[in-house]
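>>> here is the input, now give the coordinates:
(one chain, ligands or ions: 2)
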Amino acid sequence: MKTPIRVAVTGAAGQIGYSLLFRIASGAMFGPEQPVILHLIEIEPALPALNGVVMELQDCAFPLLKGIVATADLNAGFKDVNWALLVGSVPRKQGMERKDLLSINGKIFTGQGKAIAANAAKDVRIFVVGNPCNTNCLIAMNNAKSIPSDRWFAMTMLDQNRAVTQLAMKAGVDTTEVKNLAIWGNHSSTMYPDYFNAKIGGKPATEVIKHEIWFKDTFIPTVQQRGAAIIKARGLSSAASAANAVVDTVRNLVNPTPAGTCFSVGVCSDGSYGIEKGLIYSFPIVSDGKNWKIVQGVEINEFSREKMTATENELKEEKAMVAELL
Ligand SMILES: NC(=O)C1=CN([C@@H]2O[C@H](COP(=O)(O)OP(=O)(O)OC[C@H]3O[C@@H](n4cnc5c(N)ncnc54)[C@H](O)[C@@H]3O)[C@@H](O)[C@H]2O)C=CC1
Ligand SMILES: O=C([O-])CC(=O)C(=O)O
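Ligands and ions are numbered 1, 2, ... in the order given. I've put the predicted structure just below:
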């Protein structure tokens, strides 16, 4: 049996937490051979509800679940963790943009960044889901300068999965036929789902779906506004699909990426594609299971460049809004 890895999840009594924890404990994230110890972190008032979640986890008798720490104490919560999944924060309501949450949620990530730096395992990797996730990740990273910048991630996999399904439905093919659909930029309504470089059944998506207006006027806005559409329909933001995308992202990072494919995640820009260094920007990524890199040489046409710059500019604005937290 392998040594258990410790996985912290903040906001563990929330909606996403309720869909996510059971999948981590079942082995969906780290594989059927990897035992886990869950560190469930909540705010004090949510501890009774969290206790109910702990009871339910116990009631599953998961063979891979080797322990549970449930706490409102950040030091205990992040002690020796190998992964920190930062979900806990307030979700937006109908009519809000995700960046409207910065003033409420931004400050959560200063204390969490510091507590992770002070307590986590040397190999810790941090994945921010709470919105606006790119800039919250930027805040946490800047409050934990002892942790290398390549260990920080923000979630755009839900956008990728949404985009993949939209293309598959339009082309009338299985979702598994759609590859290399990269999301560039911010997890916000400015994100750019790059259909030019996507493949359907091995061919360029634009050769399979010969409908430029559909891509520009339907596909892009549908993906960009999908979160808002879910909130309108459900009265609550997406949770099960978000949890699924958390599982997909971590699994993609801890396993080698199949040759010729890539996946999307927000990482600290190294200046690739001219994107300002230090911003948490979503790029096409490949992993060898331990280290990841930004895919280089992706063709960027004028349309793509305009979209990539618009979403970069929004991230610069968000960074300026939280300057005092960095
Ligand atoms: N990046 C992405 O693709 C997505 C991000 N989200 C975001 O994820 C976040 C969580 O969403 P839900 O689970 O639906 O919300 P929720 O309101 O159901 O749960 C959030 C939980 O976080 C807890 N919490 C609040 N402040 C905390 C703190 N300082 N430390 C620890 N826990 C804290 C709350 O007590 C609550 O239990 C929201 O910000 C939402 O917008 C949601 C969907 C997709
Ligand atoms: O839209 C929201 O506020 C929740 C979210 O991030 C998403 O569903 O992509």
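>>> what about the stretch of helix or strand V164 belongs to, average pLDDT?
Using DSSP states H and E, V164 falls within helix 157-171. Helix 157-171 carries an average pLDDT of 98.
>>> so for stretch 269-284, what gets flagged as buried?
Within stretch 269-284, the residues that count as buried by 16 or more other Cβ atoms under 10 Å are 269, 272-273, 275, 278-284. Placement of C-beta: from N, CA and C, glycine included.
>>> and the residue of the stretch 101-250 of the chain found nearest ligand 2, what does it touch?
Closest approach between the stretch 101-250 of the chain and ligand 2, counting by Cβ to the nearest ligand atom: G227, at 2.2 Å. When contacts are counted by Cβ atoms under 8 Å, 6 or more residues apart in numbering, G227 touches 98, 158, 237-238.
>>> so what pLDDT did it get?
Value for G227, per-residue pLDDT: 97.
>>> how about it, secondary structure?
Here G227 is helix, with the state taken from DSSP: H, G, I helix; E, B strand; the rest coil.
>>> chain neighbours aside, what residue packs nearest to C262?
Counting by Cβ to Cβ, 6 or more residues apart in numbering, C262 lies nearest to P284, which is 4.0 Å off, once chain neighbours are set aside.
>>> ditto for N136
Per Cβ to Cβ, 6+ apart, closest to N136 is F109, 4.6 Å.
>>> helices or strands up against the host helix or strand of that neighbour?
For F109, the host element (DSSP H and E) is helix 108-119. Applying 3 or more Cβ pairs under 8 Å, 6 or more residues apart in numbering; DSSP states H and E, one finds that helix 108-119 contacts helix 74-77, strand 83-86, helix 133-142.
>>> mind putting these in JSON lines, mean pLDDT and mean neighbour count included?
Below are the helices and strands packed on helix 108-119 laid out as JSON lines (pLDDT from 0 to 100; neighbours: other Cβ atoms under 10 Å):
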{"stretch": "helix 74-77", "mean pLDDT": "98", "mean neighbour count": "17"}
{"stretch": "strand 83-86", "mean pLDDT": "98", "mean neighbour count": "29"}
{"stretch": "helix 133-142", "mean pLDDT": "98", "mean neighbour count": "28"}
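>>> turn those into a markdown table, columns for distance to ligand 1.
Output for these, formatted as a markdown table (distance: least, Cβ to the nearest ligand atom, whole Å):
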| stretch | distance to ligand 1 |
| --- | --- |
| helix 74-77 | 8 |
| strand 83-86 | 8 |
| helix 133-142 | 4 |
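>>> got CSV for the ones you listed, with distance to D217 too?
Shown next, in CSV, are these (distance: least, Cβ to Cβ, whole Å):
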stretch, distance to D217
helix 74-77, 45
strand 83-86, 35
helix 133-142, 26
